[in-house]
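> let me see the structure of the following:
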Amino acid sequence: MRITVFRRLMADEFGSGRAQVLARDHVLSALGGRTVDQALTAGIPVKEIWREVCDAFDVPAERR
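Got it, this is the predicted structure:
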């Protein structure tokens, strides 16, 4: 998955403004205590980040 696709999925799921805030500010323990933006910078695979976001926010399976 490309980062652009990931960003689009985030915006579709949470709205563009909230997606940006979540990516910047919400710390996910499953990502080693990182935010989405920090995880991307650390080189964690985008698919893994998306899975963890979906788990953390109970995104329905059909939108994962």
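
> tell me the contacts of residue 14?
Under the criterion of CB atoms under 8 Å, 6 or more residues apart in numbering, the contact list for residue 14 reads 22, 57. The C-beta positions use only the backbone N, C-alpha and C, and glycine is treated the same way.

> what's the pLDDT at residue 45?
For residue 45, the pLDDT comes out at 98.

> should've said residue 24
98.

> look up phi and psi at it.
Backbone torsions of residue 24, given as degrees, to the nearest 10, read phi -80, psi -40.

> next one: phi and psi at the residue nearest to it when sequence neighbours are not counted?
Among residues not flanking residue 24 along the chain, residue 37 sits closest, at 5.5 Å (CB to CB, 6 or more residues apart in numbering). Dihedral pair for residue 37: phi -60, psi -40, per degrees, to the nearest 10.

> and residue 37, how many neighbours does it have?
Using other CB atoms under 10 Å, residue 37 has 15 other residues around it.
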